[in-house]
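no sequence on this one, just coordinates:
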C-alpha cells in the first residue's frame with residue numbers, strides 16, 4: 001500500500017481551527033498563499049451562488065470534488081460560509097492547478 005497522497009488529496013495538508021462559535025475550518029491561508037495579484041489570464045471569474053457547494057464548483061471546473069480548496073485559496077477565503085450569492089470569485093485555469101499541485105509535490 002502506498003503512503004503517498006493522491007495528487008488531488010492535498011486538502012489533507014491543511015490543519016484545522018475552531019472559531020469562537022465552535023465551527024471547524026481548514027486553516028488554508030496559513031499554509032499556502034498565492035502572493036500578490038493573480039494575472040487575469042490565469043483565471044476566469046464567476047458569480048458565486050450559495051446554493052452551489054465548493055465541491056460542486058470543483059467538480060464543474062476541474063472534474064473532481066477534491067480541488068475545492070484551490071478556489072478558496074485563489075480568492076483568499078478563510079471561511080467558506082461567509083461568501084454570499086453574487087460575489088465574484090476566481091476560478092483558476094486547469095493548467096494553473098496542475099502547476100500548483102506540481103509545486104506542492106516538489
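That came through fine. All of these numbers come straight from a predicted model, not from anything done at the bench.

only the buried residues of the lengthiest helix in the chain, if you could.
When the chain is parsed with DSSP state H, its longest helix is helix 94-105. Under the neighbour-count criterion of 16 or more other Cβ atoms under 10 Å, helix 94-105 has 96-97, 100 buried. For every residue, glycine as well, the C-beta is placed using N, CA and C.

for that helix, packing partners?
On a contact count with 3 or more Cβ pairs under 8 Å, 6 or more residues apart in numbering; DSSP states H and E, helix 94-105 meets helix 54-62.

other SSEs contacting the helix it packs on?
helix 68-74, helix 94-105.

looking at the ones you listed, which is closest to residue 85?
Nearest to residue 85 among the helices and strands packed on helix 54-62 is helix 68-74; the distance by Cβ to Cβ comes to 15.5 Å.

least reliable of the helices and strands packed on helix 54-62 by average pLDDT, please.
Of all the helices and strands packed on helix 54-62, helix 94-105 carries the lowest average pLDDT, namely a mean of 78.

that one versus helix 54-62: what angle between them?
110 degrees (axes from the mean of the first three to the mean of the last three Cα atoms, to 10 degrees).

mind showing which ranges of this protein have poor pLDDT?
For the chain, the stretches with pLDDT under 70 are 1-17, 24-35, 103-106.

hmm, residue 94 is touching residue 60, no?
No: judged on Cβ atoms under 8 Å, residue 94 makes no contact with residue 60 at a distance of 11.8 Å.

give me the neighbour count for residue 74.
For residue 74, the neighbour count with other Cβ atoms under 10 Å is 19.

ok, it - contacts?
34, 38, 43, 89-92 (Cβ atoms under 8 Å, 6 or more residues apart in numbering).

derive a ChimeraX selection command for the buried subset of those residues.
The following ChimeraX line selects those of those that are buried, judged by 16+ other Cβ under 10 Å:
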select :34,43,89,90,91,92
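
now, the contacts of residue 74 that are in strands?
Counted as lying in strands by DSSP state E, out of the contacts of residue 74, are 43, 89-92.

could you dump the residues you listed to JSON lines with distance to residue 78?
Below are the ones in strands among the contacts of residue 74 laid out as JSON lines (distance: Cβ to Cβ, whole Å):
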{"residue": "43", "distance to residue 78": "19"}
{"residue": "89", "distance to residue 78": "14"}
{"residue": "90", "distance to residue 78": "15"}
{"residue": "91", "distance to residue 78": "18"}
{"residue": "92", "distance to residue 78": "18"}
